[in-house]
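Q: Pasting the sequence and the predicted coordinates here, then a few questions.
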Amino acid sequence: MNNFVHERATMGTDVSIGHFSVIEDGVVLGDRVMIGNNVTIHAGTVVGDDVFISDNCVVGRWPRPAKASTVKVDASLPALEIGDGTTLGANTVLYRGSSFGKECMIGDQASVREKCEIGDRVVIGRGVAVENQVSIGSFTKIQTNSYITAYTTIEEKVFIAPTVTTTNDNFMGRTKERFQFVKGAHIKKGARVGGASILLPGVVVAEESFIAAGAVVHRDTEEKKVYVGVPARVLRDVPARELLENQE
């Protein structure tokens with residue numbers, strides 16, 4: 001009685017909805033979806049089976065940038081898609097135009113902007129901000145309060161420690177020429193990026209690179225090397241026992 005479910009929303013079997021939630025036009029909810037209190041699921045959003053959506057989430061919202069923003073709203077954005085078995089923590093905000101694979105975990109107060117592609121079993125920790133047009137590969141983990149800037153590519157099985165910062169604009173918002181150079185980092189398979197480190201615009205973090213806590217990566221790295229310092233420099237090889245190929 002205290003929820004609003006649009007007549008054109010589609011619900012599977014055994015769906016439960018808490019108090020004061022809104023399910024808009026064209027939403028599709030799979031089987032066994034659990035929705036908490038005060039949740040808004042915007043029009044057209046597709047939610048898979050066995051998805052858990054915690055209290056106060058905003059799911060599938062349209063972007064609404066500032067008038068001064070260089071990001072323009074794309075009226076053709078497809079609906080948000082959330083894969084089977086995914087969990088959304090309390091107060092998460094997910095934008096229209098993105099897709100999430102199966103069994104992802106999105107932590108409390110995290111946000112993911114539009115035009116993002118998230119693979120299977122990705123963990124996006126508490127308070128993480130993922131900006132627009134980001135790709136995150138399957139089995140990647142991004143921990144608390146990290147910032148993933150627009151136009152970043154993160155491949156599969158990457159580990160991002162807490163409070164890592166990625167950047168994409170060497171001009172920091174000045175001069176028109178910057179637009180042709182705006183680019184986030186490309187973090188390749190199996191790379192590990194330590195707490196509070198900073199990745200400068202456009203750097204490529206090679207496969208199995210290990211970036212130590214607090215490092216500032218200003219140029220492309222080599223595979224299977226440990227980097228430390230400001231600016232980051234090679235310290236040694238990554239031990240063979242730590243490589244993905246040697247994990248069970």
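A: Happy to help now that I have it.

Q: For the rest of this, base every contact and every neighbour count on C-alpha atoms.
A: Fine.

Q: Show me the beta-bridge partners of the one residue sitting closest to the centre of the chain.
A: In the chain, the residue lying closest to the centroid (C-alpha atoms, centre = their mean) is residue 130, at 4.5 Å. Beta-bridge partners of residue 130, counted by DSSP bridges, are residue 112, residue 148.

Q: how about it, what does it touch?
A: Taking C-alpha atoms under 8 Å, 6 or more residues apart in numbering, we find residue 130 in contact with 111, 112, 113, 147, 148, 149, 150.

Q: surely the last one meets residue 135?
A: Right, the one you point to is residue 150. No. With contact defined as C-alpha atoms under 8 Å, residue 150 does not count as touching residue 135 (9.5 Å).

Q: related to what we said a few turns ago, among the contacts of residue 130, which one sits closest to residue 96?
A: Nearest to residue 96 among the contacts of residue 130: residue 113, at 7.6 Å, using C-alpha to C-alpha.

Q: State the number of residues packed around the closest one.
A: When neighbours are defined as other C-alpha atoms under 10 Å, residue 113 has 22 of them.

Q: for residue 107, what are its contacts?
A: If a contact means C-alpha under 8 Å, 6+ apart, then residue 107 has 88, 89, 90, 92, 123, 124, 125, 126, 127, 128 as its contacts.

Q: now, which of the residues you listed lie within helices?
A: Among the contacts of residue 107, none falls in helices (DSSP state H).

Q: In JSON lines, list the residues you listed along with neighbour count and distance to residue 241.
A: Listed next are these as JSON lines, based on neighbours: other C-alpha atoms under 10 Å; distance: C-alpha to C-alpha, whole Å:
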{"residue": "88", "neighbour count": "26", "distance to residue 241": "34"}
{"residue": "89", "neighbour count": "20", "distance to residue 241": "34"}
{"residue": "90", "neighbour count": "21", "distance to residue 241": "37"}
{"residue": "92", "neighbour count": "24", "distance to residue 241": "37"}
{"residue": "123", "neighbour count": "23", "distance to residue 241": "24"}
{"residue": "124", "neighbour count": "28", "distance to residue 241": "26"}
{"residue": "125", "neighbour count": "24", "distance to residue 241": "27"}
{"residue": "126", "neighbour count": "23", "distance to residue 241": "30"}
{"residue": "127", "neighbour count": "21", "distance to residue 241": "32"}
{"residue": "128", "neighbour count": "25", "distance to residue 241": "30"}
